[in-house]
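*Asks:* No sequence on hand, only this structure:
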């Protein structure tokens, strides 16, 4: 129960709630998100994003110089690849619902949906990498070079 309103937290508002205090049902947020990426909360030192990766699609090969990332898979099966250069992605493992993925800054990485359902995840980026209220409906809308 929210001590300020006397009610229960709601996930009905799908816009970015940062940098205000915020409590939500994160599992519900992840499962109802249909966008490739939705910024759910953006604070000064951390950002929360929701992701839906369609079958046979991927997050996209990327590397953040100054931000660590934490992904949590709520639904689906993924192939996770990482490495110190885009030509040497020598870390490879599968992950599924309930698994966490930690990506240190400066690490090239990609997450590929290898399952039969949409891959549903949330991620935190610390410090925030994308601008407040960033949303990409489709993976094709994500242009990493624009933000580097």
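*Replies:* Arrived safely, thanks for sending. Quick caveat, the model's predicted, so the values are computed rather than measured.

*Asks:* partner residues bridging the spatially most central residue of the chain?
*Replies:* In the chain, the residue lying closest to the centroid (CA atoms, centre = their mean) is residue 123, at 3.3 Å. Counting by DSSP bridges, residue 123 forms beta bridges with residue 49, residue 71.

*Asks:* contacting residues around it?
*Replies:* Counting by CB atoms under 8 Å, 6 or more residues apart in numbering, residue 123 touches 48-49, 51, 69-72. C-betas here are computed from N, CA, C, even on glycine.

*Asks:* can you give me the helices in this structure?
*Replies:* Taking DSSP state H, the helices of the chain run over residues 26-32, 144-147.

*Asks:* Out of these, which gets the lowest mean score?
*Replies:* Between the helices of the chain, the one with the least mean pLDDT is helix 144-147; it has a mean of 53.

*Asks:* quick one on the thing from earlier: for the residue nearest to the centre of the chain, give its distance to residue 40.
*Replies:* 10 Å (CB to CB, to the nearest Å).

*Asks:* quick one: which of the contacts of residue 123 is nearest to residue 99?
*Replies:* When the contacts of residue 123 are ranked by distance to residue 99 (CB to CB), residue 72 comes first, at 7.7 Å.

*Asks:* what residues are up against that closest one?
*Replies:* Per CB under 8 Å, 6+ apart, neighbours of residue 72: 99-101, 121-123.
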